[in-house]
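K.L.:
Build the 3D model from these lines:
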Amino acid sequence: MQHLSLNDLDSGSSARIATAFGFNCFEFIAALGGKHIDVLASNPAFVEQGEKPSRSGIPILFPFPNRINRGRFTYDGRGYVLPKDRVSYAGDHAIHGFCHDRPWRITRQTASSVTGEFRLSHDAPDRRELWPADYLIEVRYEVLGPALRADIRIANPDTVPLPFGLGTHPYFKLPLSGGSRFEDCLVQVPAASRYELVEYLPTGRKQPVEDNVDLRDGAALKDLKLDDVYTDLSYEPHGLVSRVVDPAAGLEVVQTCDRTFRELVVLTPHWAQAVCIEPYTCVSDAINLDEEGFEAGLRVLQPGEEFRTWFELRVGRVTA
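P.N.:
A predicted model of the protein is given here:
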């Protein structure tokens, strides 16, 4: 599989990105205190053949994260159907957008950074009529010390409004050292509520988190089995902060995003020794919930407008 490597020569940290499958950063190895910490879980079948691109690394989910109910929606008076033979599905529902499983184009590159872009009409013309407007998404990855940063730009090059939601789907590999146990690692998410789900789809109703799924103070993975949409998030001055912690190793991975991300999906995948903390700018199935009158976070760019955001993964020592 075609991929490229990023290297921070000063620190020894590195990353690898699958340009042919969604510009997926499937490996980030952070150098810290003379050690190299492997942060992201990736299936060898993805690394070698590009199989199941939504199940490894950091899939980029656009123009909708998670599911669209039965692959059908209405926007601006027009109905859309997303065929199963042209987009990804999970069961009966379209899932994870149009760009996580297609090649991206590289526009700039240095030793430690790379920028890729994906335009729907150019890079997936067979999917253009499946969305109300054309779009361009650009992602710049940079490795700097024990951190991986992504800067994201979304533009509307069309003559009509562009509805969208953005998500990322990082698979945090745990434990962070050979002497630790997966079940003892912790996940911490600053969320006070979860959405009620039916067939993994939000009904629009929110519920306070119960004690057994309250992740605000950190919860051990041995007690968790999740595929849930967390919301009513608390933000720190510099953004939205979530983390995974390996107490035995004294290490953590801190994920920071800007305030445009308003939901976090937490998934404990059965196919990987990992946990996913997925920042979304909207709730799952937002384009349908918006049509029903729920405030679901669906964003709209007018022709010529842009939207920018970012996220960062940083490995560090656990502090008291």
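K.L.:
Show the contacting residues for the closest residue in space to residue 26 that isn't next to it in sequence.
P.N.:
Of all residues not flanking residue 26 in the chain, residue 57 sits nearest, at 3.1 Å (C-beta to C-beta, 6 or more residues apart in numbering). Every residue, glycine included, has its C-beta placed from N, CA and C. For residue 57, the contacting residues are 18, 24-27, 40-42, 46, 170-171, by C-beta atoms under 8 Å, 6 or more residues apart in numbering.
K.L.:
hmm, 10 Å instead?
P.N.:
15-18, 21-22, 24-28, 39-43, 46-47, 169-171 (C-beta atoms under 10 Å, 6 or more residues apart in numbering).
K.L.:
same question, residue 103
P.N.:
Counting by C-beta under 10 Å, 6+ apart, residue 103 touches 2, 18-23, 50, 116, 118, 123-124.
K.L.:
which of these count as buried?
P.N.:
18-23, 50, 116, 118, 123-124 (16 or more other C-beta atoms under 10 Å).
K.L.:
which residues does residue 25 form a beta bridge with?
P.N.:
Residue 25 has these beta-bridge partners by DSSP bridges: residue 17.
K.L.:
before we move on, the earlier item: with respect to residue 137, which of the contacts of residue 103 is nearest?
P.N.:
For the contacts of residue 103, the closest approach to residue 137 (C-beta to C-beta) belongs to residue 118, at 5.2 Å.
K.L.:
which residues does the closest one form a beta bridge with?
P.N.:
residue 137.
K.L.:
Residue 103 versus that one, what's the distance?
P.N.:
Plainly put, residue 118 is 8 Å away from residue 103 if you go by C-beta to C-beta, to the nearest Å.
K.L.:
cool, residue 84 as well?
P.N.:
According to C-beta to C-beta, residue 84 stands 21 Å off from residue 103.
K.L.:
Likewise for residue 121?
P.N.:
15 Å.
K.L.:
likewise residue 216?
P.N.:
On the measure of C-beta to C-beta, residue 216 and residue 103 end up 40 Å apart.
K.L.:
Likewise for residue 230?
P.N.:
Using C-beta to C-beta, residue 230 is found at 32 Å from residue 103.
K.L.:
do the same with residue 233
P.N.:
34 Å.
K.L.:
now do residue 258
P.N.:
Per C-beta to C-beta, residue 258 is found 28 Å from residue 103.
K.L.:
and what of residue 262?
P.N.:
For residue 262, the distance to residue 103 equals 30 Å [C-beta to C-beta].
K.L.:
next one: residue 81
P.N.:
With C-beta to C-beta as the criterion, residue 81 and residue 103 are 25 Å apart.
K.L.:
Likewise for residue 245?
P.N.:
For residue 245, the distance to residue 103 - C-beta to C-beta - is 36 Å.
K.L.:
tell me the phi and psi of the nearest residue to residue 302 once chain neighbours are set aside?
P.N.:
Once flanking residues are discounted, residue 302 sits nearest to residue 161: 5.7 Å by C-beta to C-beta, 6+ apart. For residue 161, the backbone dihedrals (degrees, to the nearest 10) come out as phi -60, psi 150.
K.L.:
what sits against residue 161?
P.N.:
Counting by C-beta under 10 Å, 6+ apart, the residues that residue 161 touches are 75-76, 132-133, 300-303, 305.
K.L.:
Who wins on neighbours among these?
P.N.:
Compared across those, residue 133 has the highest neighbour count, 23 neighbours, by other C-beta atoms under 10 Å.
K.L.:
Show me where the stretch 1-150 of the chain dips below the pLDDT cut-off.
P.N.:
Low-confidence segments of the stretch 1-150 of the chain (pLDDT under 70): 1.
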